[in-house]
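**Q** can't give you the sequence, but here's the structure:
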């Protein structure tokens, strides 16, 4: 795991906002950030410093207003971890794509107040699985109503995959713009494979479900990742001060992407 005593990985003096911070990858990330010296503003539906519903426009605007009060001098790091999978399609769309993008864009002005700030989206290896072109297009067009309408015609896994692909593409396409890299804000994403979280615990004990997951996203390693594994990678990106990692989607998936796309890089 990450060396807490390594000064090159220190987050001393940095201020971070983490959504989905009450559980899973978000909780592990918030905990590691704190251990590395950052001041963390935790955001979630409940049990956080800022309690809001990011699946709604009101919740997103309330989050921005509350964090502005808590960090008037700006943010160094933003990590939108909040997400859901096997729930109503409108919630998958509203939280996994539009909630994440609203978090990144909503905090851009706070990130611009600090030097070499980092925005780190949480995508998924699911982005390289089957997706729906209409859903992805509606997300990238910023049309939440249309994206939800399309989602209601799709199975939940396809909706989830499509939202994560759209988020990956949005990060790639936006990171190089003047408002981001051109303003000393460096945006990238991590793409987890299967991780032990409250969102996945229902299938961990289901051998048939796990076999299906291994078939869709094979791994080069035997074990399933703990949330702390993702937190370690996110913290390593957050600690960067060089300002040269831009628009990358870093797969943290036990080798799934390399197995499925050995000729892609």
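**A** That came through, no problem. This one's a predicted model, so the numbers in the text were calculated from it and none came from an experiment.

**Q** residues of the helix or strand where residue 63 lies that come out buried?
**A** Using DSSP states H and E, residue 63 sits within helix 57-70. Within helix 57-70, the residues that count as buried by 16 or more other Cβ atoms under 10 Å are 59, 60, 62, 63, 64, 66, 67. Bear in mind the C-beta positions are built from the backbone N, C-alpha and C, glycine included.

**Q** Stretch 250-260 too?
**A** Of all the residues in stretch 250-260, those buried under the rule 16+ other Cβ under 10 Å are 250, 251, 252, 253, 254, 256, 257.

**Q** Residue 186 versus the fourth one, what's the distance?
**A** Read it as residue 253. 22 Å (Cβ to Cβ, to the nearest Å).

**Q** Tell me the helices and strands packed up against the helix holding residue 63.
**A** Using 3 or more Cβ pairs under 8 Å, 6 or more residues apart in numbering; DSSP states H and E, the elements in contact with helix 57-70 are strand 39-44, strand 50-51, helix 100-106.

**Q** can you give me the angle that helix makes with strand 39-44?
**A** Computed by axes from the mean of the first three to the mean of the last three Cα atoms, to 10 degrees, the angle separating helix 57-70 from strand 39-44 equals 160 degrees.

**Q** Would you reformat the buried residues of stretch 250-260 as TSV and include pLDDT, distance to residue 115 and secondary structure?
**A** Shown next, in TSV, are the buried residues of stretch 250-260 (pLDDT from 0 to 100; distance: Cβ to Cβ, whole Å; DSSP: H, G, I helix; E, B strand; the rest coil):
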residue	pLDDT	distance to residue 115	secondary structure
250	98	23	strand
251	97	28	strand
252	97	27	strand
253	95	32	coil
254	95	35	coil
256	95	35	helix
257	96	32	helix
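
**Q** Tell me where the protein is predicted with low confidence.
**A** Residue ranges of the chain with pLDDT under 70: 1-9, 199, 201, 203-206, 209-210.

**Q** Quick check: longest strand in it by residues?
**A** Using DSSP state E, we find that the single longest strand of the chain is strand 185-192.

**Q** what's near enough to touch residue 259?
**A** 218, 219, 220 (Cβ atoms under 8 Å, 6 or more residues apart in numbering).

**Q** measure the closest residue to the last one other than its chain neighbours to residue 227 for me?
**A** Spatially, and ignoring its direct neighbours in sequence, residue 220 is nearest to residue 255 (3.0 Å; Cβ to Cβ, 6 or more residues apart in numbering). When distance is defined by Cβ to Cβ, residue 255 is 19 Å away from residue 227.

**Q** Pull up the gap between residue 117 and residue 107, please.
**A** 9 Å.

**Q** go on, residue 186?
**A** With distances taken as Cβ to Cβ, residue 186 is found 14 Å from residue 107.

**Q** Nearest the middle, which residue of the chain would you pick?
**A** Centroid-nearest residue in the chain, with Cα atoms, centre = their mean: residue 122, separated by 1.8 Å.

**Q** how much space between that one and residue 14?
**A** Taken as Cβ to Cβ, the span from residue 122 to residue 14 is 19 Å.

**Q** Identify each buried residue in stretch 34-54, please.
**A** 36, 38-45, 48-54.

**Q** show me the contacts for the residue nearest to residue 41 when sequence neighbours are not counted.
**A** Nearest residue to residue 41 in three dimensions, chain neighbours excluded: residue 17, at 4.6 Å (Cβ to Cβ, 6+ apart). By Cβ under 8 Å, 6+ apart, the contact set of residue 17 is 40, 41, 43, 67, 71, 75, 77, 78, 79, 103, 107, 110.
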